[in-house]
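K.L.:
One predicted model, sequence on top.
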Amino acid sequence: MQPTYRPGERLVIEHIDQDKIRRGDVVLVSAPGRYGDAPVLQRVIGLGGDRMESTNGALRS
(Lines give C-alpha, C1' and ligand atoms only; values in the text may rest on other atoms or scores of the structure.)
Protein backbone atom coordinates (compact mmCIF):
# COMPACT_ATOMS: atom_id res chain seq x y z
CA MET A 1 0.00 0.00 0.00
CA GLN A 2 1.33 3.44 -0.90
CA PRO A 3 1.39 6.20 1.75
CA THR A 4 -1.46 8.70 1.48
CA TYR A 5 0.86 11.60 2.25
CA ARG A 6 4.58 11.86 1.68
CA PRO A 7 7.22 13.72 3.71
CA GLY A 8 7.40 17.37 2.69
CA GLU A 9 3.78 17.65 1.57
CA ARG A 10 1.73 20.40 3.18
CA LEU A 11 -1.46 19.53 5.00
CA VAL A 12 -4.30 21.61 6.38
CA ILE A 13 -5.43 20.40 9.78
CA GLU A 14 -8.95 21.20 10.95
CA HIS A 15 -10.39 20.64 14.42
CA ILE A 16 -13.75 18.88 14.24
CA ASP A 17 -16.09 17.30 16.74
CA GLN A 18 -15.47 13.64 17.45
CA ASP A 19 -18.96 12.66 16.25
CA LYS A 20 -18.18 14.00 12.74
CA ILE A 21 -15.34 11.51 12.14
CA ARG A 22 -16.21 8.91 9.46
CA ARG A 23 -14.60 5.73 8.14
CA GLY A 24 -11.90 6.57 5.60
CA ASP A 25 -11.04 9.94 7.17
CA VAL A 26 -7.40 10.70 7.91
CA VAL A 27 -6.94 12.04 11.44
CA LEU A 28 -4.01 13.47 13.39
CA VAL A 29 -3.69 11.69 16.73
CA SER A 30 -1.26 11.55 19.60
CA ALA A 31 -0.02 8.15 20.71
CA PRO A 32 1.89 8.67 23.97
CA GLY A 33 4.87 6.33 24.18
CA ARG A 34 4.87 5.66 20.41
CA TYR A 35 6.42 7.53 17.49
CA GLY A 36 8.55 9.61 19.87
CA ASP A 37 5.38 11.18 21.32
CA ALA A 38 4.89 13.09 18.05
CA PRO A 39 1.43 13.40 16.49
CA VAL A 40 0.81 10.89 13.70
CA LEU A 41 -1.62 10.65 10.76
CA GLN A 42 -3.88 7.60 10.82
CA ARG A 43 -6.74 6.47 8.57
CA VAL A 44 -10.02 5.67 10.36
CA ILE A 45 -11.00 2.06 9.62
CA GLY A 46 -13.69 1.59 12.25
CA LEU A 47 -15.86 3.47 14.69
CA GLY A 48 -17.21 2.65 18.14
CA GLY A 49 -19.33 -0.50 18.02
CA ASP A 50 -17.74 -1.83 14.81
CA ARG A 51 -16.36 -5.37 14.86
CA MET A 52 -13.13 -5.89 12.93
CA GLU A 53 -11.37 -9.15 12.09
CA SER A 54 -7.86 -9.80 10.81
CA THR A 55 -7.24 -12.95 8.79
CA ASN A 56 -3.87 -13.62 7.14
CA GLY A 57 -3.01 -9.93 7.33
CA ALA A 58 -6.29 -8.81 5.73
CA LEU A 59 -8.65 -6.66 7.80
CA ARG A 60 -12.41 -6.86 7.36
CA SER A 61 -15.49 -5.71 9.19
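P.N.:
Ah, there it is.
K.L.:
Let me see the backbone angles for residue 55.
P.N.:
Torsion angles at residue 55 (phi, psi; degrees, to the nearest 10) stand at phi -130, psi 120.
K.L.:
What is the burial count for it?
P.N.:
The tally of other residues near residue 55 (other Cβ atoms under 10 Å) stands at 7. Glycine gets a C-beta too; all of them are placed from N, C-alpha and C.
K.L.:
Give me the neighbour count for residue 27.
P.N.:
Residue 27 has 14 neighbours, counted by other Cβ under 10 Å.
K.L.:
so it, which of the three states?
P.N.:
Classification of residue 27 by DSSP: H, G, I helix; E, B strand; the rest coil places it in strand.
K.L.:
hang on, it packs against residue 47?
P.N.:
No: under the criterion of Cβ atoms under 8 Å, residue 27 makes no contact with residue 47, lying 11.6 Å away.
K.L.:
got any residues that touch both of those two?
P.N.:
Listed as contacting both residue 27 and residue 47 by Cβ atoms under 8 Å, 6 or more residues apart in numbering are residue 21.
K.L.:
quick one: what helix or strand has the residue nearest to the spatial centre of the chain in it?
P.N.:
The chain has residue 42 as the residue nearest its centroid, 2.2 Å off, counting by Cα atoms, centre = their mean. Using DSSP states H and E, residue 42 sits in strand 40-43.
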